[in-house]
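>>> Give me coordinates for this.
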Amino acid sequence: MKDFNSVLYEAVLVAFGKILAKYDVFTQAMIMRDIGKEVLAYLNNHGFGFQETDSIEDLTMLINLFVKNGFAETLEVSPADKGDNYVWTNLYGVAAYKELYDLALNPFLACPLNLCMSYVVGKHKKKLLMHRKEFINESVTEAQYELVDDDDPEGNMNELVLQSARLFEIADEKQKLFRHQSITDTLTGLHNLRHILDEGKRIFEHAEKHQLPIAILIFDIDHFKLVNDTFGHSGGDVVLRTLADICRQSLRETDLVARYGGEEFVVILPNTPPPRAMEIAERLRKAVELAAFSDGKGNKVNITISIGINGENAREISFDAALQNADKALFQAKHEGRNQIVVYKNSGNG
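As a prediction, this is how the structure comes out:
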């Protein structure tokens, strides 16, 4: 028997597919492409990156992404009389796809990869014709696709339906914008305090559950009050934005960086043991020290930062405690002369 979670998500796929097929929604290629687009966006948001190049070759990259991540055990592609033959071995969720394929008039409903493929080729005014799809046995599935020009990408969609879809897209984009604004620091473009606190707890819980190392850096600009006093607050704002750019360049894509408040910043380093955290912190410290800061009016500004690192793993202390420890280490770094890194060490005195 399959595990409950796998069957549950297959059940959702089948349920949505059956109802949409019932109302003949999937006869509209435009709708299939939109669903494929949303599937890819969801995958991207959850770490399975699909970097489109705006080339029809994206179709091959898409298929490789699915196979590489276990959508099928193997895939063999060979030329056919029209298009290509695809032979899949141990296709994931094949029972659900077969049930939908037998029900729906449009064969592309049977598989989420097909929906994503429809989106990719549709961007180039193409469409895929499926000449056949056969479930040979429980482990082998064969399909024959042909890539052809799409002379009517919107099909016979009613103009009122199209207008409604456009309004929905506008509303969706606004919602995404509001979401982005709610978690973003307006001055630096980095994440804000609210987001780092929410995400930090989630990331720490994940690290604790899977026994993964994790580190926190807290750093601030040395003598930033002097910068503001000398160059004005506008000059200080330019320095903060420049520092944010250096963070983006010096940190990894998996790291989460936010403006903690004023001239103070915090970085969460997932899956990072203490020695590696020290290397990353030193790279950042040195990048700031060597950078050419200015006040935005041509005046050079010398900037350094002090960094504190928590000294414990997530499985040993909470996110809040790790923040406090990193902050204590930062205080020590500033007390001992600034422009340096200090790792928190528990004195055992509470």
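>>> Sketch out the strands for the protein, chain order is fine.
74-79, 84-89, 126-135, 140-149, 214-221, 256-261, 264-270, 293-294, 300-301, 305-309, 341-343 (DSSP state E).
>>> starting at the chain centroid, how far to the last one?
So that's strand 341-343. 30 Å (CA atoms, centre = their mean, to the nearest Å).
>>> can you put the strands of the chain in TSV and add mean pLDDT and mean neighbour count?
(C-beta placed from N, C-alpha, C; glycine too.) Shown next, in TSV, are the strands of the chain (pLDDT from 0 to 100; neighbours: other CB atoms under 10 Å):
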stretch	mean pLDDT	mean neighbour count
strand 74-79	91	11
strand 84-89	90	17
strand 126-135	83	16
strand 140-149	88	17
strand 214-221	95	26
strand 256-261	94	21
strand 264-270	95	23
strand 293-294	93	17
strand 300-301	93	14
strand 305-309	97	27
strand 341-343	95	20
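>>> need those strands in TSV with distance to residue 57, can you?
As requested, these are exported to TSV (distance: least, CB to CB, whole Å):
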stretch	distance to residue 57
strand 74-79	14
strand 84-89	14
strand 126-135	12
strand 140-149	12
strand 214-221	38
strand 256-261	33
strand 264-270	32
strand 293-294	42
strand 300-301	46
strand 305-309	43
strand 341-343	45
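>>> For residue 331, which of those strands is the nearest?
strand 305-309 (7.1 Å; CB to CB).
>>> what about dumping the CA coordinates of that closest one to CSV?
Once non-C-alpha atoms are left out, strand 305-309 reads as follows in CSV (Å, rounded to 0.1, in the frame of the first residue of the first chain):
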residue,chain,number,x,y,z
ILE,A,305,31.2,45.8,10.0
SER,A,306,31.3,43.7,13.2
ILE,A,307,29.7,40.2,13.2
GLY,A,308,28.4,37.9,15.9
ILE,A,309,27.7,34.2,15.3
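>>> Quick check: closest non-adjacent residue to residue 129.
residue 146 (4.5 Å; CB to CB, 6 or more residues apart in numbering).
>>> what's the spacing between that neighbour and residue 131?
Counting by CB to CB, to the nearest Å, the separation of residue 146 from residue 131 is 6 Å.
>>> Then residue 58?
In terms of CB to CB, residue 58 sits 22 Å off from residue 131.
>>> Residue 298 too?
67 Å.
>>> what does residue 242 give?
Here the criterion is CB to CB. By it, residue 242 lies 57 Å from residue 131.
>>> before we move on, what about residue 149?
According to CB to CB, residue 149 and residue 131 sit 16 Å apart.
>>> got it, and residue 139?
22 Å.
>>> Surely residue 309 and residue 340 touch.
No. In this structure, residue 309 is not within contact of residue 340 by CB atoms under 8 Å, at 11.4 Å.
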